[in-house]
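Enquirer: Provided below are the primary sequence and the corresponding predicted coordinates.
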Amino acid sequence: MGQGQTGGTAARRLALQLVEGVWQDRLTLAEMEAHPHFAGAPAEVRARAGRLARATLRQAGRADAAMKPWLKRSPKPAVRALLRLATVELMSDGAAAHGVVNAAVTLAREEHAPSAPMVNAVLRRVAEDGREAWEAAHPQRLPNWLRGRLSGAYGNARVARMEAVFEGTSPLDITPRLADPALAEALRGTPLPTGSIRLERAGQVSALPGYASGDWWVQDAAAALPARVLAAKPGERVLDLCAAPGGKTLQLAAEGAEVTALDVSESRLERLRDNLTRTGLRAEVVVADALEWKPPAPFDAILLDGPCTATGTIRRHPDLPFVKDAADIRSMVDLQSAMIDRAADMLVSGGRLVFCTCSLLPEEGEGQLEGLLQRRDDLHPDPEAVARLPGLEEAWIAGPGALRLTPDMWPERGGLDGFFIAALRKA
């Protein structure tokens with residue numbers, strides 16, 4: 001395979017397979033990128049394909065608007081995916097028009113030969129006259145199953161702001177092991193009021209200052225808040241439930257707690273083990289089902305980052321709205337409720353529990369807390385735990401002991417992942 005094939009058509013072909021897998025087969029990008037077919041491609045091809053596929057998922061709505069004047073009839077799904085991919089590359093990637101169009105025509109001939117002349121004609125018109133429609137279009141709209149629920153919870157205007165955030169890429173946030181003002185300067189990052197450091201242009205993460213010595217780890221600023229709310233103390237026995245990939249475990253261990261990190265996935269815990277080795281931090285790592293595992297003794301504090309629809313992380317995972325649907329919600333809510341009750345049973349009297357989900361759906365946050373307080377009289381909100389959070393903003397408070405973060409917050413700093421966090425204490 002020559003260099004032109006490696007950097008051009010091969011990457012576009014792989015990107016097309018990714019977006020088709022999301023839209024037609026409802027496969028996640030993570031599933032497809034772990035497949036040997038993808039993993040076996042050259043690194044530069046994988047990287048370019050991944051970037052182009054994610055950009056296409058984020059900006060498909062704009063692509064449709066730019067193409068619409070030149071489409072006489074709706075194309076087949078596979079052809080529309082190809083047109084969207086090429087249009088996004090034309091409008092947002094700064095690629096030379098002739099190269100993009102020629103590559104798209106080549107791909108059309110491979111799989112959908114009769115469509116090749118139409119693909120050629122539409123993309124040439126888009127390249128010449130599609131810019132105005134592209135820029136005037138609304139950002140990619142969330143699917144109806146999700147948009148309706150979020151509009152009911154937050155209002156249409158706020159959901160529109162979230163959609164604008166989801167269209168962009170995410171900054172890289174890190175959690176420092178120790179508070180050190182010099183670290184942000186060395187990384188050319190921006191210190192955030194909550195204690196994280198935000199990097200706009202990170203490059204190769206493993207080559208950054210302090211990585212090899214374990215001075216920090218990658219962790220979204222919002223994802224770092226639950227452990228700060230729990231505020232583990234040196235010597236406390238703390239359980240991190242659903243621990244993988246491990247950022248919260250590292251936070252708890254860095255505070256001097258005796259941490260048990262439990263997750264059902266052996267493969268996902270490998271990353272945690274690697275980070276423990278790199279940072280020199282210690283934790284007992286357990287592979288088990290949280291609903292069945294029995295600890296040798298109750299814990300002083302428990303952090304449960306429950307499995308959820310992950311709708312607060314769409315900016316990082318633009319495939320999620322297309323591969324999930326309303327049918328996923330009920331099972332997730334039931335599982336979360338069972339895990340919260342199990343966590344409460346493993347606490348000592350007076351122990352602390354922080355429950356969180358990276359979801360925007362009230363059923364997985366506010367509703368979950370309400371149901372918990374109705375069915376159990378041994379758990380009570382802990383507003384003081386939330387009040388101690390560094391960088392706390394009034395807009396985040398969602399009731400006693402509860403925080404609600406949404407992606408449209410912190411617009412001047414580059415946004416946040418969506419999270420619900422509840423701090424509780426056992427009677």
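Expert: Cool, got the structure.
Enquirer: quick one, strands of the chain?
Expert: For the chain, the strands defined by DSSP state E cover 172-176, 190-191, 197-199, 216-218, 237-241, 258-263, 284-287, 299-305, 347-357, 379-381, 402-405, 419-426.
Enquirer: how about the longest helix belonging to the chain: buried residues?
Expert: Using DSSP state H, we find that the single longest helix of the chain is helix 327-345. Of the residues in helix 327-345, 329, 332, 333, 336, 339, 340, 342, 343, 344 count as buried by neighbour count, 16 or more other CB atoms under 10 Å. Where C-beta positions appear, they are placed from N, C-alpha and C, glycine not excepted.
Enquirer: how close does the fifth one get to residue 303?
Expert: Look at residue 339 and residue 303: by CB to CB, to the nearest Å, they are 12 Å apart.
Enquirer: between the two, what contacts are shared?
Expert: Taking CB atoms under 8 Å, 6 or more residues apart in numbering as the contact rule, residue 339 and residue 303 both touch residue 241.
Enquirer: so what secondary structure elements neighbour the longest helix of the chain?
Expert: Judged by 3 or more CB pairs under 8 Å, 6 or more residues apart in numbering; DSSP states H and E, helix 327-345 is in contact with strand 237-241, strand 299-305, strand 347-357, helix 366-375.
Enquirer: I'd like the ones you listed as JSON lines, with mean pLDDT, distance to residue 85 and mean neighbour count appended.
Expert: Output for these, formatted as JSON lines (pLDDT from 0 to 100; distance: least, CB to CB, whole Å; neighbours: other CB atoms under 10 Å):
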{"stretch": "strand 237-241", "mean pLDDT": "98", "distance to residue 85": "40", "mean neighbour count": "27"}
{"stretch": "strand 299-305", "mean pLDDT": "98", "distance to residue 85": "34", "mean neighbour count": "24"}
{"stretch": "strand 347-357", "mean pLDDT": "98", "distance to residue 85": "32", "mean neighbour count": "21"}
{"stretch": "helix 366-375", "mean pLDDT": "96", "distance to residue 85": "38", "mean neighbour count": "16"}
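Enquirer: got a markdown table for these, with distance to residue 32 too?
Expert: A markdown table is the format used below for the helices and strands packed on helix 327-345 (distance: least, CB to CB, whole Å):
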| stretch | distance to residue 32 |
| --- | --- |
| strand 237-241 | 29 |
| strand 299-305 | 25 |
| strand 347-357 | 25 |
| helix 366-375 | 31 |
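Enquirer: looking at these, which is nearest to residue 405?
Expert: strand 347-357 (9.8 Å; CB to CB).
Enquirer: so how far is residue 339 from residue 292?
Expert: For residue 292, the distance to residue 339 (CB to CB) stands at 11 Å.
Enquirer: which stretches of this structure have low pLDDT?
Expert: 1-7 (pLDDT under 70).
Enquirer: where's residue 242 relative to residue 364, distance?
Expert: For residue 242, the distance to residue 364 - CB to CB - is 13 Å.
Enquirer: need the overlap of contacts for the two.
Expert: residue 306.
Enquirer: and residue 250, how many neighbours?
Expert: Neighbours of residue 250 under the rule other CB atoms under 10 Å: 29.
Enquirer: could you do residue 311 as well?
Expert: Using other CB under 10 Å, residue 311 has 26 other residues around it.
Enquirer: show me what contacts the residue positioned nearest the centre of the chain?
Expert: Among the residues of the chain, the one closest to the centroid is residue 313, at 3.3 Å (CA atoms, centre = their mean). Counting by CB under 8 Å, 6+ apart, residue 313 touches 220, 320, 358, 417, 418.
Enquirer: out of the buried residues of helix 327-345, flag the one nearest to residue 266.
Expert: Relative to residue 266, the closest of the buried residues of helix 327-345 is residue 339; by CB to CB it sits at 18.9 Å.
Enquirer: test my guess that that closest one contacts residue 306.
Expert: Yes - proximity of residue 339 to residue 306 meets the contact threshold set by CB atoms under 8 Å, at 5.6 Å.
Enquirer: shared neighbours, these two?
Expert: With CB under 8 Å, 6+ apart, residue 339 and residue 306 have common neighbours 241, 242.
Enquirer: any idea how far residue 387 is from residue 265?
Expert: 34 Å.
Enquirer: ditto for residue 254
Expert: Taken as CB to CB, the span from residue 254 to residue 387 is 22 Å.
Enquirer: looking at the two, which is more packed in?
Expert: residue 254 (18 against 12).
Enquirer: how about that one, what does it touch?
Expert: Counting by CB under 8 Å, 6+ apart, residue 254 makes contact with 177, 178, 279, 281.
Enquirer: redo that, cut-off 6 Å
Expert: Residue 254 makes contact with residue 177, according to CB atoms under 6 Å, 6 or more residues apart in numbering.
Enquirer: how about the one 5 residues further on?
Expert: With contacts defined as CB under 6 Å, 6+ apart, residue 259 is in contact with 238, 249, 252, 253, 283.
Enquirer: partners of it in the sheet?
Expert: Residue 259 forms beta bridges with residue 238, as assigned by DSSP bridges.
Enquirer: what's the closest non-adjacent residue to residue 324?
Expert: Leaving aside its sequence neighbours, residue 324 sits nearest to residue 309 (CB to CB, 6 or more residues apart in numbering; 5.7 Å).
Enquirer: quick one: contacts for the one you found?
Expert: Contacts for residue 309 (CB under 6 Å, 6+ apart) come out as 324, 328, 332, 359.
Enquirer: what number of residues lie near the last one?
Expert: Using other CB under 10 Å, residue 359 has 25 other residues around it.
Enquirer: and residue 47, how many neighbours does it have?
Expert: For residue 47, the count of nearby residues is 12 (other CB under 10 Å).
Enquirer: give me the distance from stretch 199-206 to the chain's centre.
Expert: 17 Å (CA atoms, centre = their mean, to the nearest Å).
Enquirer: repeat for stretch 329-336
Expert: 19 Å.
Enquirer: extract the CA atoms of that stretch and return them as PDB.
Expert: C-alpha atoms of stretch 329-336 as PDB (Å, rounded to 0.1, in the frame of the first residue of the first chain):
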ATOM      1  CA  ILE A 329     -33.100   3.500  30.200                       C
ATOM      2  CA  ARG A 330     -35.400   1.300  32.300                       C
ATOM      3  CA  SER A 331     -32.800  -1.500  32.600                       C
ATOM      4  CA  MET A 332     -30.100   1.100  33.500                       C
ATOM      5  CA  VAL A 333     -32.300   2.700  36.200                       C
ATOM      6  CA  ASP A 334     -33.200  -0.700  37.800                       C
ATOM      7  CA  LEU A 335     -29.500  -1.700  37.800                       C
ATOM      8  CA  GLN A 336     -28.500   1.600  39.400                       C
END
